[in-house]
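**Q** Sequence below, structure please.
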Amino acid sequence: MKRILISSALIVALLVPAVAQEKEQKLKELEQLEQQTEKATPPDTLIQVEEDSAAAVSEEAAGDTSRVKIGDIVTIEDTGDETVIRIGKRGVKMLEEGDDTDMFIGDEETEEEVFNENSPKRFNGHLGGLEIGYNNYSTGRWLNNDTPLEGYLDLNTAKSSAFNIVTPPVSIGFTRHFGLVSALGINFNNYRFDGNNTIVVDGEGVVAPAYPAEPVQYVKSKLATVYGTLPVMLELQIPVSHGGAINLGAGVVGAVKLGSHTKVVYHDDGKQKDKNRDDFNLNVLRYGVTARAGYEMVQVYGTCYLSPMFEKGKGPELYPFEIGIALTISD
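**A** Predicted coordinates:
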């Protein structure tokens with residue numbers, strides 16, 4: 001019933017101006033023809049001009065699609081799930097999904113999706129934006145901490161933060177509510193050490209702890225990394241009331257290292273800050289899995305890397321992960 005009412009209103013709203021314009025044009029043509037007839041026809045000759053009083057209506061059906069044409073101006077197509085009404089070069093497409101009806105209005109030049117049956121689905125993924133969370137690492141893949149963590153690697157988890165900037169996503173829809181989404185991002189990780197130490201690469205080229213001279217105490221000590229990321233995810237959107245949708249996504253992520261450094265803050269004849277820029281035997285490339293769930297723009301995300309944090313044999317075997325909240329944007 002909703003579709004019938006909407007269709008009727010749109011047809012009336014769009015058809016009346018078109019028909020009125022057509023009638024006005026026909027009246028002008030008749031007036032011109034009448035003037036020409038008066039000049040070219042002898043008085044005793046009678047010419048009858050027949051005016052079309054109604055546009056021809058035709059109907060056809062093919063499979064689940066029915067099509068109604070009213071003259072050369074109006075075409076109505078109904079496939080069951082969607083209805084397309086074309087009036088001249090303008091048109092309206094109505095998509096029905098359960099109790100919800102989506103409507104798109106446009107013309108052939110600016111709104112291909114109204115007219116092109118082969119155009120991509122209207123799927124917009126939820127990935128790009130800002131992400132804020134916490135990061136940590138485990139001594140085994142999939143967060144399996146089978147091996148005890150060495151003391152100098154203990155983290156202050158409340159201050160070990162992650163911050164990501166992600167570009168607007170590229171979305172490929174398989175349906176209106178399921179598709180592939182990808183984007184480029186920059187991943188900032190701060191690993192805040194809980195002990196009175198930092199890390200260095202020793203003379204043998206292996207990551208090792210470094211402690212300050214007595215009686216200095218580090219107020220702050222961290223390892224910071226910057227990676228460029230490329231996540232690729234499958235996303236499912238579950239429509240709910242008021243036009244919103246619950247979004248569920250999962251996929252893989254690859255990353256390349258852009259920079260790294262350590263930083264310590266301490267008091268020794270005043271506040272001192274030391275920063276050491278090095279690669280610390282961090283793997284240049286890493287890969288992992290990522291997932292997220294949320295409602296519209298707000299998501300909860302998690303990423304777990306399956307490649308070790310440091311190069312094999314040149315540092316402790318650790319696997320980084322992060323969890324947080326994302327404020328996403330979509331096209």
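**Q** CA only for contacts and neighbour counts going forward, please
**A** Fine.
**Q** Quick check: Asn189 touching Asn135?
**A** Yes - contact criterion Cα atoms under 8 Å: Asn189 and Asn135 qualify, at 6.8 Å.
**Q** Residues that sit against both of these two, list them.
**A** Listed as contacting both Asn189 and Asn135 by Cα atoms under 8 Å, 6 or more residues apart in numbering are Ser160, Ser161, Ala162.
**Q** Can you get me a residue count around the last one?
**A** Pointing back at Ala162 there. Neighbour count for Ala162, taken as other Cα atoms under 10 Å: 22.
**Q** Quick one: low-confidence residue ranges for this structure.
**A** 1-31, 33-57, 63-64, 71-72, 88-90, 95-121, 330-331 (pLDDT under 70).
**Q** In terms of residue numbering, what are the domains of it?
**A** 2-115, 128-329 (automatic domain parsing).
**Q** Ile85: neighbour count?
**A** 24.
**Q** Now name the helix or strand holding it.
**A** Under the criterion of DSSP states H and E, Ile85 resides in strand 82-87.
**Q** List the neighbouring strands of that strand plus their orientation.
**A** strand 74-78 (antiparallel), strand 90-97 (antiparallel) (DSSP bridges).
**Q** Check the gap between the most centrally placed residue in the chain and Arg176 for me.
**A** Residue closest to the mean C-alpha point of the chain, counted by Cα atoms, centre = their mean, is Gly125 at 2.8 Å. The gap separating Gly125 from Arg176 is 10 Å, by Cα to Cα, to the nearest Å.
**Q** Over to Val289?
**A** For Val289, the distance to Arg176 (Cα to Cα) stands at 25 Å.
**Q** Look at the two and report which has more neighbours.
**A** Between Val289 and Arg176, counting by other Cα under 10 Å, Val289 is the more crowded of the two (19 against 15).
**Q** which residues pair with that one across the strands?
**A** Beta-bridge partners, per DSSP bridges, of Val289: Val252, Cys304.
**Q** Gln32 in helix, strand or coil?
**A** Classification of Gln32 by DSSP: H, G, I helix; E, B strand; the rest coil places it in helix.
**Q** That one: neighbour count?
**A** Counted with other Cα under 10 Å, Gln32 comes out at 11.
**Q** Also Ala250?
**A** The tally of other residues near Ala250 (other Cα under 10 Å) stands at 21.
**Q** part of a strand, is it?
**A** Yes - checked against three-state DSSP, Ala250 lies within a strand.
**Q** what are the ranges of the strands in the stretch 51-200 of the chain?
**A** 57-62, 65-70, 74-78, 82-87, 90-97, 100-107, 128-138, 161-166, 170-175, 178-182, 185-192, 198-201 (DSSP state E, counting those that start in this stretch).
**Q** quick one on the thing from earlier: need the winner for burial among the domains of the chain.
**A** domain 128-329 (a mean of 18; mean count of other Cα atoms under 10 Å).
**Q** what's the span of that one, first residue to last?
**A** One end of domain 128-329 to the other measures 5 Å (Cα to Cα).
**Q** Lys275 pairs with what?
**A** With DSSP bridges as the rule, Lys275 is bridged to Lys263.
**Q** For it, give its distance to Thr290.
**A** Taking Cα to Cα, one finds Lys275 at 31 Å from Thr290.
**Q** repeat for Leu127
**A** 11 Å.
**Q** Kindly report the same for Asn187.
**A** Asn187 is 13 Å from Thr290, by Cα to Cα.
**Q** still on that earlier bit, which one among the shared contacts of Asn189 and Asn135 gets closest to Gly254?
**A** Gly254 lies nearest to Ala162 out of these, by Cα to Cα, at 16.5 Å.
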